[in-house]
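Undergrad: Give the three-dimensional model of this entry:
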Amino acid sequence: MSMTGNIEQPLLCKNANPELLQALLDAVESGLSMCNANTQWVGFTTVPTHNIGTVTGMIGVHGQASGFVTVNMAERFALKAVEGMLQEPQHELSPAVIDGVGEITNMLVGGVKNSLAGTPWAFSYITAPSVIIGPGCQIAFAKGLTFLCATFEHIDPEAVLISDRLFQINLSLLPV
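TA: Presented below is the predicted three-dimensional model:
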């Protein structure tokens, strides 16, 4: 991964929570290293956006803060990440790849959970992952949630289209 430690305050827009952003970046760096997936962080938003990929993992969280984390990725990224995790070639969306995306989502949410421990955003409980397959998946977010989406580009020299390289992790939390 080519991310650089802690985020400097000038890089953040004023409405992004630095604790939440750092938790997302740290979780992606440690979680995707287990998948041999090199990514670079390309941006974030605090406004919900349309999911860009065709595979979405989702986990609900509860504790001092409640909400959910979604992990959205291009099909090619899903295949490559699961291939790296299992150390076996993956050529199509199969039950093994779908299970792998659920496990990647679980690893990333575990990383976010660890990063947020001891903060007002801490959560102790997570649900089992669900995986949604299909383009154009759109998730509606309730009012009052703090939302943050970090977007990454997979460093994949064989991928011609940017849409095949993108990966997003979304955090939507409400302090209880």
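
Undergrad: What does Asp156 show for phi and psi?
TA: Backbone torsions of Asp156, given as degrees, to the nearest 10, read phi -130, psi 100.

Undergrad: Make 8 the first number, not 1, from now on.
TA: Done: numbering now begins at 8, and the last item shifts to Asp163.

Undergrad: wait, doesn't it sit right on Arg172?
TA: Yes: using C-beta atoms under 8 Å, Asp163 makes contact with Arg172 at a distance of 5.6 Å. In this view, the C-beta of every residue, glycine as well, is placed from N, C-alpha and C.

Undergrad: quick one: contacts for the residue nearest to Pro182 when sequence neighbours are not counted?
TA: Excluding its sequence neighbours, the residue lying closest to Pro182 (C-beta to C-beta, 6 or more residues apart in numbering) is Ala72, at 4.9 Å. Going by C-beta atoms under 8 Å, 6 or more residues apart in numbering, Ala72 touches Leu123, Pro127, Trp128, Ala129, Phe130, Leu180, Leu181, Pro182, Val183.

Undergrad: how near is the residue lying closest to the fifth one once chain neighbours are set aside to Trp128?
TA: Right, the one you point to is Phe130. The shortest distance from Phe130 to any residue other than its chain neighbours is 3.4 Å, reached at Gly70 (C-beta to C-beta, 6+ apart). Separation of Gly70 from Trp128 (C-beta to C-beta, to the nearest Å) stands at 9 Å.

Undergrad: Among the contacts of Ala72, which lie within strands?
TA: Under the assignment DSSP state E, the contacts of Ala72 contribute Phe130, Leu180, Leu181, Pro182 to strands.

Undergrad: between those residues, which is nearest Thr53?
TA: The closest of the ones in strands among the contacts of Ala72 to Thr53 turns out to be Leu180 (C-beta to C-beta; 12.1 Å).
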